[in-house]
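In: Pasted the sequence and its predicted model underneath.
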Amino acid sequence: MSTSNLNQQFLIEAKAFLLDMDGTFFLGDILLPGALELVKLFNQRGLPFSFLSNNTSRSKLDYIQKLKDLGVKEEDARVYTAGDATIAYLKKHHSGSKVFLLGTPSLAESFRAAGISLSDNHPDLVVIGYDTSLTYARLSVFCSFVRQGLPYIATHPDVNCPMPGGPVPDIGAIMSLVEASTGRKADVVIGKPNPGIVYALAEEWGLEPKEMVMVGDRLYTDIALGETSGVRTVLVLSGETRREDLANAKNQPDLVCENLTDLTWDIIN
Ligand SMILES: [Mg+2]
């Protein structure tokens with residue numbers, strides 16, 4: 001049973017769902033309870049849905065393969081990353097601009113495939129992603145362009161990336177280094193909890209954010225999207241957040257569920 005002091009009518013009226021992956025749909029290599037049943041329900045009701053990830057170091061194809069390995073059908077393994085949202089943002093707001101990209105080869109490939117010109121020498125703006133191939137030389141060039149005042153865009157804000165052996169520095173930690181060197185923070189940050197990733201999908205589906213529901217396990221990224229973008233939010237307790245964390249949390253979900261089995265039950269009933 002879920003617990004909420006708010007009206008759950010929004011679940012019945014929802015026109016699309018956004019699903020976090022790690023801690024919500026799977027944990028490590030294990031599918032979480034109710035995951036496949038929820039996807040089946042979305043399909044039965046003709047509800048569009050997408051998996052969301054802030055991680056821009058892995059390619060979308062890696063996530064799609066992982067979902068397929070866990071039993072999700074290919075046509076259901078729709079993954080939208082902060083990299084995809086950044087591409088949509090660039091095409092809308094900086095069409096034709098040349099980009100200096102601090103990112104992995106797979107992120108660079110997705111930019112090129114989308115028709116975005118990359119330039120190491122004469123860029124119009126700079127973009128930073130989670131770059132596990134980062135070198136000091138490339139970081140120095142990036143800082144020099146930031147110091148020159150070029151528009152500075154980040155794919156997402158995460159400070160650390162969770163790994164089996166403990167957290168490793170993610171993009172946010174590198175952005176702190178860039179700020180210490182140049183005195184500038186990114187002008188725009190796209191991924192969760194910033195609304196860009198929601199706006200990009202809302203536009204693709206022709207919906208308003210308030211007609212969409214975000215399901216996730218993290219208060220400060222997934223659930224914070226409610227406040228920043230206007231989506232309704234469901235917190236699942238299958239990942240990072242414990243029920244006791246909610247008492248003093250700044251970002252409160254519209255509904256709390258133990259897991260996706262609980263959520264599926266709430267949508268049906
Ligand atoms: Mg998560």
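Out: Nice, thanks for sending it over. What you see is a predicted model; the values in this text were computed from it and never measured.
In: Helix, strand or coil: sort out T86 for me.
Out: Of the three states, T86 takes helix under DSSP: H, G, I helix; E, B strand; the rest coil.
In: Tell me how far it lies from E74.
Out: T86 sits 25 Å away from E74, taking C-beta to C-beta, to the nearest Å as the criterion. All C-beta atoms are positioned from the backbone trio N, CA, C, and that covers glycine.
In: again with F100
Out: For F100 relative to E74 (C-beta to C-beta), the value is 35 Å.
In: which residue ranges form the strands in this protein?
Out: All strands of the chain, identified by DSSP state E, fall at 16-20, 26-27, 30-31, 49-53, 79-81, 99-102, 125-128, 152-154, 160-161, 168-169, 188-189, 212-216, 232-236, 255-257.
In: who wins for proximity to the ion among those strands?
Out: Closest to the ion of those, according to C-beta to the ion: strand 16-20, at 4.3 Å.
In: how distant is the closest one from the center of its chain?
Out: 11 Å (C-alpha atoms, centre = their mean, to the nearest Å).
In: partners of it in the sheet?
Out: Strand 16-20 pairs in its sheet with strand 49-53 (parallel), strand 212-216 (parallel), by DSSP bridges.
In: Can you list the neighbours in contact with that strand?
Out: The contact list for strand 16-20 (C-beta atoms under 8 Å, 6 or more residues apart in numbering) reads 25, 38, 42, 47-53, 198, 201, 205, 207, 211-218, 221-222, 225, 231, 239.
In: What parts of the stretch 51-200 of the chain come near the ion?
Out: Nowhere does the stretch 51-200 of the chain come near the ion, counting by C-beta under 5 Å from the ion.
In: any low-confidence regions in the stretch 51-200 of the chain?
Out: 162-164 (pLDDT under 70).
In: Stretch 106-125 spans what distance, first to last residue?
Out: Using C-alpha to C-alpha, to the nearest Å, the end-to-end distance of stretch 106-125 comes out at 20 Å.
In: what's the distance between that stretch and the middle of its chain?
Out: Per C-alpha atoms, centre = their mean, the centroid offset for stretch 106-125 relative to its chain is 21 Å.
In: mind listing what's buried in it?
Out: Neighbour-count burial for stretch 106-125, counted by 16 or more other C-beta atoms under 10 Å, picks out S106, L107, A108, S110, F111, I116, P123, L125.
In: follow-up on the earlier one: and T86 and E74? which has more neighbours close in?
Out: Under the criterion of other C-beta atoms under 10 Å, the comparison of T86 against E74 puts T86 first, with 33 against 10.
In: All good on my end, thank you.
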